[in-house]
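[1] coordinates for the following, if possible.
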Amino acid sequence: MTSLTLRRFFCFNAATASASSSFSTSSKKKSLVFLGSPEVSATVLDALFNASAEPNSSFEVAAIVTQQPSRRDRGRKVMPSPVAQYALERGFSADLILTPERAGEDTFLSNLRALHPELCITAAYGNILPTKFLKIPPLGTVNIHPSLLPLYRGAAPVQRALQDGVKETGVSLAFTIRALDAGPVISCERLEVDDQIKAPDLLSLLFSEGSKLLIRELPLILDGSAKMKAQNQDDSKATLAPKITPEESWLSFDQDAVVLHNKVRAFAGWPGTRAKVLVVDSKDSENNILELKIVTTRVCRDNDIQRNEADEITFKKNALLFPCGGCTILEVLEVQLPGKKVVNAAAFWNGLRGQKLKKL
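    Residues are numbered from 1 along each chain as shown. Just a heads-up that it's a prediction; the model follows:
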């Protein structure tokens, strides 16, 4: 995993010592319901399970809400969500893993009320929570959001931040309201972003840090004082992070190499980034169009490399050199052909057997 420099500090100061005292002296454990679905959510659930097992813990995970089983992996088998699968492996009761199609279903809401949850915690759950849901837990619903709110509200905060080439991002712990990611922020942590890290790695890191932030702030949330310290977001500074579509995956080499490199990092994992290149065979004058998945890149810093006027893709120092807009060059280090494994640039170049490449 690409290295990241972590700078840890709180966005808002809090008197955690007194809160920790009240957290440990509670005579009855408070009921908590966790909502999450993908692998990164399991990191948060793991932290909650471990914290609830501590001798001085004042809460317990009463139920888990996650998305319904779906077809995943190569075999396309119907499998529970990663969170449900992890909970079952930890010995959590299957009867307490709820999988409503929508969080506003009457049957689901009735079952949730019967659990009398004091607090709900969400981490990449993937469903919209209606007002009827939000009214159930008296301490509210708290969300781990992988951005520095009010920046990058929406479904793809990590991807959009990397696409914009940010040098700093972070994770926020905020109360959930009906407006999208707009609730009062309890606390946050910032991270400096390495210019080679890809979205899946950054997402994992942010949820790992978010789980630590949650455990630290949980005493204040459970004794109710977090609502007093939480600060309202400045909506005038809000930016949106809309869901990524497969149509966005194509690269256009008339853009600057930095822009393309950031897009490759942002779209890594899914949907990936694609490009079409022209394969020129000088022996029989045949040209073929080849679709490549661009997997790993970097921006060329070598001043000795000059842009080719004929838009020819060349090979140097184990990288394919793509001429880009603004007289910049993108170094492509790994590619993938449809239905094939990821290969490094040298292996791909050798496979061309002398044929030339041009960008389209």
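[2] tell me where the model's unsure across this structure.
    1-27, 73-75, 303-310 (pLDDT under 70).
[3] can we see that at 80?
    For the chain, the stretches with pLDDT under 80 are 1-27, 72-76, 282-286, 302-310.
[4] longest helix in it, by residue count?
    Ordering each helix of the chain by length in residues (DSSP state H) puts helix 199-222 first.
[5] pull the distance from it to the chain's centre.
    Averaging C-alpha positions (C-alpha atoms, centre = their mean, to the nearest Å) puts helix 199-222 12 Å from its chain's average.
[6] packing partners for the helix or strand that that helix is followed by?
    Going down the chain from helix 199-222, the next helix or strand is helix 226-229, by DSSP states H and E. Secondary-structure packing of helix 226-229 (3 or more C-beta pairs under 8 Å, 6 or more residues apart in numbering; DSSP states H and E): helix 199-222. From N, CA and C alone the C-beta is placed, and that goes for glycine too.
[7] next, the buried residues of the helix it packs on.
    Of all the residues in helix 199-222, those buried under the rule 16 or more other C-beta atoms under 10 Å are 199-214, 216-222.
[8] from the contact counts, what lies against the longest helix of the chain?
    helix 16-24, helix 39-52, strand 119-123, strand 141-145, helix 157-163, strand 168-175, strand 185-192, helix 226-229.
[9] dump those to a markdown table, plus distance to Leu292 and mean neighbour count.
    Formatted as a markdown table, the helices and strands packed on helix 199-222 follow (distance: least, C-beta to C-beta, whole Å; neighbours: other C-beta atoms under 10 Å):
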| stretch | distance to Leu292 | mean neighbour count |
| --- | --- | --- |
| helix 16-24 | 51 | 15 |
| helix 39-52 | 27 | 20 |
| strand 119-123 | 35 | 24 |
| strand 141-145 | 34 | 24 |
| helix 157-163 | 20 | 25 |
| strand 168-175 | 29 | 23 |
| strand 185-192 | 31 | 20 |
| helix 226-229 | 49 | 16 |
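[10] pretty sure His261 sits in a strand.
    No: counting by DSSP: H, G, I helix; E, B strand; the rest coil, His261 falls outside a strand, being helix.
[11] quick one: it from Ser81, how far?
    His261 sits 32 Å away from Ser81 when distances are taken as C-beta to C-beta, to the nearest Å.
[12] is it fair to say Ala62 lies in a strand?
    Yes: the assignment for Ala62 by three-state DSSP puts it in a strand.
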